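**Student:** what's the 3D shape of this:
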Amino acid sequence: MLLPSRRVAAVAPFLAMDVMTAAAARERAGGSVVHMEVGQPSAPAPRAVIAAAQGALAHGRVPYTEALGLPALRERIARDYRDRYGVDVAPERVVVTTGSSAGFILAFMSLFDAGARVGVPQPGYPAYRSILAALDLVATPMVLRAEDRFAPTAELLRAVHAQARLSGVLVMSPANPSGTVIAPDALRALCAAARDLSLPFISDEIYHGLGYDGLPSATALQFDADAIVINSFSKYHCMTGWRVGWMVVPDSLVRPIERLAQNLYISAPYLSQVGALAAFEAGEELDAVRDGYARNRAILLDALPGLGLGRTHPADGAFYLYADVSDLTDDAAEFCRRMLAEAGVAATPGLDFDPAEGAHHVRFSFAGSEDDCREAVRRLRGWLG
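**Tutor:** Residues are numbered from 1 along each chain as shown. Got it, this is the predicted structure:
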């Protein structure tokens, strides 16, 4: 019998995907499900994206591209940093990737040797921990606090580094699962602290463009020209299955990352890159989708307190509510199993995001339609009422 490697054994299951599998099985059996488990826009890719890909496909040839991506796309991404943030980024520093997932792998492999400790937020995106473990790196939790609005701070980074001697730090804003946005001054202080400690600073900005209540999302590049920024067309641009994202990296990492990309996946998909280039012209369409998320968020924030789910993290951005369910259960995984089986609502238990306290939390994605959001509230009210 073939046995998996030690690296594979260290990789935890992605519970959101497991819930999605269980929800699909319920649907195949004839049951109805409101999907709130996966961070995936229900809206299709913008019309301009689909048209651009269809036009490219009509030519017949779908080739490899340069490992760093189509030059036109890299230039357009760089221009977006000037237009959106007032930051000058050379196109040569932009790396097009197969989604943000490849960006994390490339960043970790190019920066850290085996055994290195990387500070990651807790609660936080579970793939950080799993990718680090698969690469023989150590995810060191930076436990977020309510008094800091569940955002990492410079003081927290310094305290964790004093205890664990980090080799780098990764933060996310807006965050998954909390939706918390790191305020610009706090992000500036985090970047400064990392620089003082000689730590590479990795900023996951995949939910930029999805903000509410007027709180701005700053890019780490505004405060640290050497920050490694990872982003994707999956969330704001509604292109999850296209698997295309990007990185902005210091000049010193461009060639090392290029060598890794050449050997790991050759290049991001050509058709996806063509579509991604067109996505920049779809702002009005995409902002309308974001406005729909804002309405869904308002529906949940209004309804959940009456269902015993009113204690949530800030939800400044992204499309999640991270709800405290400790008044209802001390086993969020079982709670989510029952919620799917008995109410037909799929959501993700907090253990995905926080191995220590996640048994008391559930993440609800409000990236679906307004009708789905209202139906979820109706079902939860009937189930919990």
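
**Student:** check which residues of stretch 45-54 are buried.
**Tutor:** Buried residues in stretch 45-54, defined by neighbour count with 16 or more other C-beta atoms under 10 Å: 45, 46, 48, 49, 52, 53. Quick note: C-beta positions are derived from backbone N, CA and C, even for glycine.

**Student:** ok, these vs residue 15, which is closest?
**Tutor:** Within those, distances to residue 15 taken as C-beta to C-beta reach their minimum at residue 45, with 26.7 Å.

**Student:** correct me if wrong: that closest one contacts residue 236.
**Tutor:** No - no contact is recorded between residue 45 and residue 236 when judged using C-beta atoms under 8 Å, the distance being 11.6 Å.

**Student:** just the terminal-to-terminal distance for stretch 315-332.
**Tutor:** Terminal residues of stretch 315-332 are spaced 20 Å apart (C-alpha to C-alpha, to the nearest Å).

**Student:** what pLDDT, on average, does that stretch get?
**Tutor:** Confidence for stretch 315-332, expressed as mean pLDDT, is 95.

**Student:** over to stretch 364-374?
**Tutor:** Over the span of stretch 364-374, the pLDDT mean works out to 96.

**Student:** that one spans what distance, first to last residue?
**Tutor:** The first residue of stretch 364-374 is 13 Å away from its last residue (C-alpha to C-alpha).

**Student:** report the distance from that stretch to the chain centre.
**Tutor:** Its chain's C-alpha centre lies 18 Å from the corresponding centre of stretch 364-374 when counted by C-alpha atoms, centre = their mean, to the nearest Å.

**Student:** tell me the buried residues in it?
**Tutor:** Along stretch 364-374, the positions that meet the burial threshold by neighbour count (16+ other C-beta under 10 Å) are 364, 365, 366, 367, 368, 372, 373, 374.

**Student:** among the residues you listed, which are in helices?
**Tutor:** Using DSSP state H, the members of the buried residues of stretch 364-374 that fall within helices are 372, 373, 374.

**Student:** which SSE is the nearest residue to the last one once chain neighbours are set aside in?
**Tutor:** Put plainly, it is residue 374. For residue 374, ignoring the flanking residues on the chain, the nearest one in space by C-beta to C-beta, 6 or more residues apart in numbering is residue 299 at 6.3 Å. With secondary structure defined by DSSP states H and E, residue 299 is part of helix 283-303.

**Student:** show me where pLDDT drops low in the stretch 51-200 of the chain?
**Tutor:** Low-confidence segments of the stretch 51-200 of the chain, defined by pLDDT under 70, are absent; every residue clears the threshold.

**Student:** which parts of it are helices?
**Tutor:** Listed in chain order, the helices found in the stretch 51-200 of the chain under DSSP state H, counting those that start in this stretch are 71-85, 99-111, 126-134, 154-164, 184-196.

**Student:** coming back round to it: quick one: which of the buried residues of stretch 364-374 is nearest residue 83?
**Tutor:** Minimum separation from residue 83 among the buried residues of stretch 364-374 (C-beta to C-beta) is found for residue 367, which lies at 25.5 Å.

**Student:** OK, contacts around that closest one?
**Tutor:** Contacts were defined as C-beta atoms under 8 Å, 6 or more residues apart in numbering; by that measure residue 367 touches 39, 40, 41, 42, 293, 296, 319.

**Student:** that older thread, tell me the confidence at the residue nearest to residue 374?
**Tutor:** Residue 299 is given a pLDDT of 97.
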